[in-house]
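Colleague: Sequence and predicted model, in that order:
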Amino acid sequence: MFPIDFFWRAAERWPDRTAVDTPEGAIRYDTLARRVAALAAALVDIDPALQSRVGICARNSAEHLTALLAVLACGKVWVPLNPKSTRPEIRRIVDATEPSILVVDAGSAGLL
């Protein structure tokens, strides 16, 4: 069993329960599962290779969580990029890990 399997199990068992509570409001498991599945499909469309790397540079948010779960759901490898890091630090990690996809929120776009 993989960590993503626990999420899918929770979404199946408790679709109406709150998965994430955000300042904008609660997100239910069924809603989050749909978002994760859609983003996972988009990631596979961009790069169909299993175990390819996906860098995520984003502040804590429901979108960040969705991206992380989507990476796991489609069998890719998560490369965490801390938006509090400096541009040279981020560049060093990206150069070392060579992600095929980068997911970046608006506030972190200037780092890449």
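Modeller: Sure, I can see it.
Colleague: Please make it C-alpha for all contacts and neighbour counts, starting now.
Modeller: Fine.
Colleague: Quick one: residues contacting the closest residue to Ile46 other than its chain neighbours.
Modeller: Leaving aside its chain neighbours, Ile46 sits nearest to Ile101 (7.8 Å; criterion: C-alpha to C-alpha, 6 or more residues apart in numbering). Taking C-alpha atoms under 8 Å, 6 or more residues apart in numbering as the criterion, Ile101 is in contact with Leu43, Ile46, Asp47, Arg53, Val54, Gly55.
Colleague: Tell me how far Ile101 lies from Pro83.
Modeller: 16 Å (C-alpha to C-alpha, to the nearest Å).
Colleague: Can you check the pLDDT for the residue nearest to Ile46?
Modeller: On pLDDT, Ile101 comes in at 99.
Colleague: Identify the bridge partners of it.
Modeller: Applying DSSP bridges to Ile101 gives these bridge partners: Val54.
Colleague: Would you mind measuring from it to Phe2?
Modeller: In this view, Ile101 and Phe2 are 22 Å apart by C-alpha to C-alpha.
Colleague: Thr22 now?
Modeller: Relative to Phe2, Thr22 is positioned 26 Å away (C-alpha to C-alpha).
Colleague: And the residue nearest to Ile46, how far from Pro48?
Modeller: As judged by C-alpha to C-alpha, Ile101 and Pro48 stand 11 Å apart.
Colleague: Contacts for the lengthiest helix in the chain next, please.
Modeller: In terms of residue count, the longest helix belonging to the chain (DSSP state H) is helix 29-46. Contact with helix 29-46 is made by 8, 10-12, 14-20, 66-67, 69-71, 73-74, 101, as judged by C-alpha under 8 Å, 6+ apart.
Colleague: and Pro83, how many neighbours does it have?
Modeller: Using other C-alpha atoms under 10 Å, Pro83 has 21 other residues around it.
Colleague: That one is in contact with Cys57, isn't it?
Modeller: Yes: assessed by C-alpha atoms under 8 Å, Pro83 is found in contact with Cys57 at 5.7 Å.
Colleague: which residues do those two both contact?
Modeller: Here Pro83 and Cys57 have Ser108 as joint contacts, going by C-alpha under 8 Å, 6+ apart.
Colleague: quick one on the thing from earlier: can you point out the buried residues in the longest helix of the chain?
Modeller: Buried residues in helix 29-46, counted by 16 or more other C-alpha atoms under 10 Å: Tyr29, Asp30, Leu32, Ala33, Arg35, Val36, Ala37, Leu39, Ala40, Ala41, Leu43, Val44.
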